[in-house]
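Participant: coords below, sequence missing:
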């Protein structure tokens with residue numbers, strides 16, 4: 001099978017590998033679509049917790065083509081999406097219902113071979129049926145599940161006025177999730193002109209190209225989808241007294257930010273982080289299948305495995321009106 005492999009930071013190779021065989025409790029999936037995430041870029045650049053060498057790709061869907069002994073919930077021919085984060089279910093965090101912070105955490109596409117490959121192995125318990133949902137749409141199950149978990153942490157109220165920084169694919173999922181939960185207005189700030197225009201056409205309230213023109217102290221909640229430390233720090237200026245801040249974007253590991261702690265104290269702000277998801281995959285599948293969250297218009301590029309590195313460059317530079325890039329390994 002052909003696979004993309006990152007042998008070490010800033011290196012990409014297209015390799016031919018033996019087809020894997022599922023062990024007991026595992027399924028073998030022919031990948032139909034695999035989305036490139038910001039986390040994949042961080043892994044490529046050595047900024048996140050990927051182990052090397054690694055086959056990236058944790059946002060993917062496909063068809064089950066073989067199952068290992070003891071697999072009962074899925075069969076060959078099932079169309080599935082994958083929750084990549086694997087919890088041990090026996091450490092202190094897991095036993096306290098904090099499985100997203102599992103002390104023995106592993107993940108398909110991060111510490112285990114992922115979906116930037118023609119075939120991939122996943123444990124049966126990480127696999128979810130998608131029915132007739134298109135593979136490209138089902139590849140959004142993982143990022144949408146993370147967004148749903150983040151919104152659970154934020155707990156917005158119906159009628160809230162929200163400021164969202166960043167209108168990439170994750171930003172758009174957050175925007176649509178916020179509107180679905182009843183936010184009356186979601187204003188967006190985004191420096192990329194094409195992304196800002198896209199957000200303005202798709203449920204955004206006001207659309208700003210710069211934080212300097214946004215009214216301070218005026219939002220019930222503020223959400224960061226950029227992962228840029230300087231932006232994350234500045235966003236504390238925009239919630240009203242008693243407001244909330246959700247840092248959702250992934251900053252580079254080891255980066256630093258500067259903030260005024262008196263501002264947090266004086267405004268009584270709640271600052272919330274959000275890491276991966278907590279068994280939100282069924283919610284994500286159901287919302288995608290019923291059309292509650294639309295994602296088909298977020299895909300801007302469909303490329304073969306051989307163009308993985310170029311796809312990462314497109315995302316990093318924001319060029320060619322890029323939104324979500326789908327790699328199609330078996331095109």
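Facilitator: Good, I have the coordinates. A quick note: this is a predicted structure, and the numbers were derived from the prediction, not measured.
Participant: contact partners for the residue sitting nearest the centre point of the chain?
Facilitator: The structure's the chain has its C-alpha centroid closest to residue 143; by C-alpha atoms, centre = their mean the separation is 3.2 Å. By C-beta atoms under 8 Å, 6 or more residues apart in numbering, the residues touching residue 143 are 35, 37, 59, 169-170, 173. From N, CA and C alone the C-beta is placed, and that goes for glycine too.
Participant: name the member of the residues you listed with the most neighbours.
Facilitator: Going through the contacts of residue 143 with other C-beta atoms under 10 Å as the criterion, the one with the most neighbours is residue 59, at 30 neighbours.
Participant: would you confirm that it contacts residue 31?
Facilitator: No: counting by C-beta atoms under 8 Å, residue 31 is not a contact partner of residue 59; they are 10.8 Å apart.
Participant: what is in contact with the two at once?
Facilitator: residue 115.
Participant: by pLDDT, rank the contacts of residue 143 and give me the bottom one.
Facilitator: Per-residue confidence over the contacts of residue 143 reaches its minimum at residue 37, where pLDDT is 92.
Participant: all strands for the stretch 1-150 of the chain, in order.
Facilitator: Listed from the start of the chain, the stretch 1-150 of the chain has strands (DSSP state E, counting those that start in this stretch) covering 2-5, 13-16, 26-35, 59-67, 79-82, 85-86, 106-107, 119-123, 127-129.
Participant: check the ones you listed for me and report the most buried one.
Facilitator: Mean neighbours per residue, mean count of other C-beta atoms under 10 Å, is largest over the strands of the stretch 1-150 of the chain for strand 79-82, with a mean of 26.
Participant: that one packs against which elements?
Facilitator: For strand 79-82, the packing partners by 3 or more C-beta pairs under 8 Å, 6 or more residues apart in numbering; DSSP states H and E come out as strand 26-35, strand 59-67, strand 127-129, helix 135-138, helix 141-154.
Participant: count of neighbours near the nearest residue to residue 53 once chain neighbours are set aside?
Facilitator: The shortest distance from residue 53 to any residue that is not its chain neighbour, by C-beta to C-beta, 6 or more residues apart in numbering, is 4.4 Å, and that residue is residue 7. When counting by other C-beta under 10 Å, one arrives at 12 neighbours for residue 7.
Participant: next one: residue 279
Facilitator: Here the neighbour count serves as a burial measure; for residue 279 (other C-beta under 10 Å) it reads 14.
Participant: and for residue 296?
Facilitator: Counted with other C-beta under 10 Å, the burial measure for residue 296 works out to 11 neighbours.
Participant: what's it sitting at in phi/psi?
Facilitator: In this entry, residue 296 is assigned phi and psi values of phi -60, psi -30 (degrees, to the nearest 10).
Participant: now the one 3 residues further on
Facilitator: When read as degrees, to the nearest 10, the backbone of residue 299 gives phi -80, psi 120.
Participant: list the helices and strands the worst-scoring helix or strand of the chain on mean pLDDT packs on?
Facilitator: Sorting the helices and strands of the chain by mean pLDDT, DSSP states H and E puts helix 38-44 at the bottom, at a mean of 91. If you count contacts as 3+ C-beta pairs under 8 Å, 6+ apart, helix 38-44 packs onto helix 308-317.
Participant: so which bits of the helix it packs on are buried?
Facilitator: Of the residues in helix 308-317, those with enough neighbours to count as buried (16 or more other C-beta atoms under 10 Å) are 308, 311-312, 314-315.
Participant: immediately after that helix, which helix or strand?
Facilitator: Counting by DSSP states H and E, the next helix or strand C-terminal to helix 308-317 is strand 324-327.
Participant: ok, back up a step: the helices and strands packed on strand 79-82: which one's closest to residue 90?
Facilitator: Relative to residue 90, the nearest member of those by C-beta to C-beta is strand 26-35, separated by 19.1 Å.
Participant: same for that closest one, what does it pack against?
Facilitator: On a contact count with 3+ C-beta pairs under 8 Å, 6+ apart, strand 26-35 meets strand 59-67, strand 79-82, strand 119-123, helix 135-138, strand 324-327.
Participant: among these, which comes closest to residue 193?
Facilitator: Comparing the helices and strands packed on strand 26-35 under C-beta to C-beta, the one sitting nearest is strand 324-327, at 17.9 Å.
Participant: so in that sheet, which strands flank that closest one, and in what orientation?
Facilitator: Strand pairing for strand 324-327, using DSSP bridges, gives strand 26-35 (antiparallel), strand 299-303 (parallel).
Participant: hmm, back to that, tabulate the contacts of residue 143 (TSV), appending distance to residue 191.
Facilitator: Formatted as TSV, the contacts of residue 143 follow (distance: C-beta to C-beta, whole Å):
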residue	distance to residue 191
35	23
37	20
59	24
169	16
170	16
173	19
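Participant: which one among these gets closest to residue 155?
Facilitator: Minimum distance to residue 155 across those is 17.3 Å, recorded for residue 173 (C-beta to C-beta).
Participant: so which elements touch the helix or strand hosting that closest one?
Facilitator: Residue 173 is part of helix 169-180 when elements are defined by DSSP H and E. With contacts defined as 3+ C-beta pairs under 8 Å, 6+ apart, the secondary structure elements packing on helix 169-180 are helix 141-154, strand 161-165, strand 185-189, helix 193-201.
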